[in-house]
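Enquirer: need coordinates for the following:
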Amino acid sequence: MAARASSDVRVRAYNVRFGDCVLVSFGTGADERHVLIDFGNAPSMVRRGGGRNDVFAPVARDLAKQTKKRVDLLVMSHEHLDHMEGFLAERGVFDDFSIGEVWMSAMSAPDYYQRHPNCEPELRARLALLDTALRWEADGRFERLPAPLRSLVANNVLTLANKDRIEYLRKLVPKKSLRYLSRRKAAVRSAALGSGVKIEVLAPERDASVYYGARDRRFWLDVAGRLGATAARRRTQRSAGAPKSPRHMAPDEFAELRDAIGELDLSALLAIDKAANNTSLVLRLTIGDKVLLFPGDAEAESWAIMKAKKVLGPVDFLKLAHHGSGNGMPFEGEADVLGLLAKPRRKTVALVSTCRGVYGDTRETEIPQHRLMDRLAAICAKCWVTQDAASFGQGFDIEL
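Expert: Numbers count the residues shown, from 1 in each chain. Next up is the predicted model:
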């Protein structure tokens, strides 16, 4: 692996299959500080082992070694498994850590939806999806759904079904050291990191409903209603020309599978996923003369607001949003933000935390997106891809 940078700032990225885990360290000796941003991977049913949790144990052991079991700031960007699953999975290791502060997106606050009623219909849709998924699981139907559908459902409702994941992180620190953040004009100081570190919260907006766009309150209430509808009502809404069962499946089994998939409007499921991605914390860290950007899985709607607010500028280190997917960080046309983030003369180092072959069935939908990777190669000093730089469960240091 690459040798550690000669500068005072070190970035260590981990190959957690399809997920994120990055450790930022600076200072030396007793003055060394550590920021851990996310630790998770995709739901277990995704292709090519993209969600196998065997990566967590070696990563947790290495984090303990690198930090001497002291993390000054732990960040969970948003509530998707590929950014948070590892913390609870390796609680036997993290229980022994000394954690200074824990930061989460504002939308993870227990009372968020009471304080922001415009967002409540989206939560209602997720809860309806949870009820549907639990019913499928009880009936033995969930495992028969196509893997991509199961993955989307698992990523967006398991955090609701099992609050232990969030509660575990909340209990790592006293309440006074737990913060739920949204965009603000002034920099946010971390007492654990000291006055020499500037942290700016560029997203999300305080009211997440701004990301819904055309998907207004009525849309989310309709999604919740359709997910909660009875099977008989769904069948009456469906066209009479239902497809025949394939030869390898009995007609009654095919009918059950068709009904299960029919409960999901794919556009609604993708909307739920997008809404969660746009709650991602987007943090810009300035440590000494180095500027680093960590955007979680922020999608186009979040980037458009950041661009309109004129808060984006060149950085020394860029962690690509949403694992290098085409619907993560806009990189083409008028919506392009990558050009605003890359320093002139190819001085920006980029990181794509991803696992190839997990999502996307075509050249255009593959992750990482090939045109995005070409653009990064053209404008960055170096673009690291976790799967290429280290074996599963291993970390590597990035020179800035």
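
Enquirer: can I get stretch 31-50 in PDB, CA atoms only?
Expert: The C-alpha trace of stretch 31-50 is given here as PDB (Å, rounded to 0.1, in the frame of the first residue of the first chain):
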ATOM      1  CA  ASP A  31      -1.500  15.100  20.100                       C
ATOM      2  CA  GLU A  32      -2.700  12.700  17.500                       C
ATOM      3  CA  ARG A  33      -6.500  13.000  16.700                       C
ATOM      4  CA  HIS A  34      -8.800  10.700  14.800                       C
ATOM      5  CA  VAL A  35     -12.100  11.200  12.900                       C
ATOM      6  CA  LEU A  36     -13.900   8.000  11.900                       C
ATOM      7  CA  ILE A  37     -16.500   8.500   9.100                       C
ATOM      8  CA  ASP A  38     -19.000   5.700   8.600                       C
ATOM      9  CA  PHE A  39     -18.500   1.900   8.800                       C
ATOM     10  CA  GLY A  40     -20.800  -0.400   6.900                       C
ATOM     11  CA  ASN A  41     -21.600  -2.400   3.800                       C
ATOM     12  CA  ALA A  42     -24.600  -3.200   1.600                       C
ATOM     13  CA  PRO A  43     -27.400  -5.600   2.600                       C
ATOM     14  CA  SER A  44     -26.300  -9.300   2.500                       C
ATOM     15  CA  MET A  45     -28.400 -10.200  -0.500                       C
ATOM     16  CA  VAL A  46     -26.600  -8.100  -3.100                       C
ATOM     17  CA  ARG A  47     -24.500  -9.700  -5.800                       C
ATOM     18  CA  ARG A  48     -20.900 -10.900  -5.700                       C
ATOM     19  CA  GLY A  49     -20.600 -10.800  -2.000                       C
ATOM     20  CA  GLY A  50     -21.000  -7.000  -1.900                       C
END
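
Enquirer: list the buried residues of it.
Expert: Within stretch 31-50, the residues that qualify as buried are 32-47, 49-50, counting by 16 or more other CB atoms under 10 Å. Just so you know, the C-beta spots here come from the backbone N, C-alpha and C atoms, and that holds for glycine as well.

Enquirer: give me the subset of the residues you listed lying in strands.
Expert: 33-37 (DSSP state E).

Enquirer: wait, Gly326 sits on Thr362?
Expert: No - here Gly326 does not reach Thr362: they are 10.8 Å apart, not a contact under CB atoms under 8 Å.

Enquirer: okay, these two: which has more neighbours?
Expert: Using other CB atoms under 10 Å, the more surrounded residue of Gly326 and Thr362 is Gly326, with 20 against 6.

Enquirer: now the more buried one. Nearest residue, chain neighbours left out?
Expert: The shortest distance from Gly326 to any non-neighbouring residue, by CB to CB, 6 or more residues apart in numbering, is to Gln369 (4.1 Å).

Enquirer: and that neighbour, how far is that from Trp136?
Expert: Gln369 is 31 Å from Trp136, where distance means CB to CB, to the nearest Å.

Enquirer: of these two, who's got more company?
Expert: More crowded of Gln369 and Trp136, by other CB under 10 Å: Gln369, with 24 against 20.

Enquirer: so what's that one up against?
Expert: By CB atoms under 8 Å, 6 or more residues apart in numbering, Gln369 lies in contact with 324-326.

Enquirer: and which of these is nearest Arg345?
Expert: Set against Arg345, the nearest of those by CB to CB is Gly324 (23.2 Å).

Enquirer: hang on, that closest one packs against Thr354?
Expert: Yes - counting by CB under 8 Å, Thr354 is a contact partner of Gly324 at 5.1 Å.

Enquirer: what sits in contact with each of those two?
Expert: Common contact partners of Gly324 and Thr354 (CB under 8 Å, 6+ apart): 367-368, 385.

Enquirer: ok, and the most crowded of those?
Expert: Counting neighbours by other CB under 10 Å, the top entry in those is Pro368, with 25 neighbours.

Enquirer: surely it is in contact with Thr386?
Expert: No - with contact defined as CB under 8 Å, Pro368 does not reach Thr386; the gap is 10.4 Å.

Enquirer: list residues touching both of these two?
Expert: Common neighbours of Pro368 and Thr386, using CB under 8 Å, 6+ apart, are 352, 354.

Enquirer: return the per-residue confidence for Phe392.
Expert: pLDDT, Phe392: 96.

Enquirer: go on, Arg234?
Expert: pLDDT, Arg234: 46.

Enquirer: for the top helix by length along the chain, the averaged confidence score.
Expert: In the chain, ranked by residue count with DSSP state H as the criterion, the top helix is helix 120-139. The average pLDDT for helix 120-139 rounds to 82.

Enquirer: same deal with stretch 29-36?
Expert: For stretch 29-36, the mean per-residue pLDDT is 93.

Enquirer: and the strands in the stretch 301-400 of the chain?
Expert: Using DSSP state E, counting those that start in this stretch, the strands found in the stretch 301-400 of the chain span residues 317-319, 349-352, 382-385, 395-398.

Enquirer: make a markdown table from those and add mean pLDDT to it.
Expert: Below are the strands of the stretch 301-400 of the chain laid out as a markdown table (pLDDT from 0 to 100):
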| stretch | mean pLDDT |
| --- | --- |
| strand 317-319 | 98 |
| strand 349-352 | 98 |
| strand 382-385 | 98 |
| strand 395-398 | 97 |
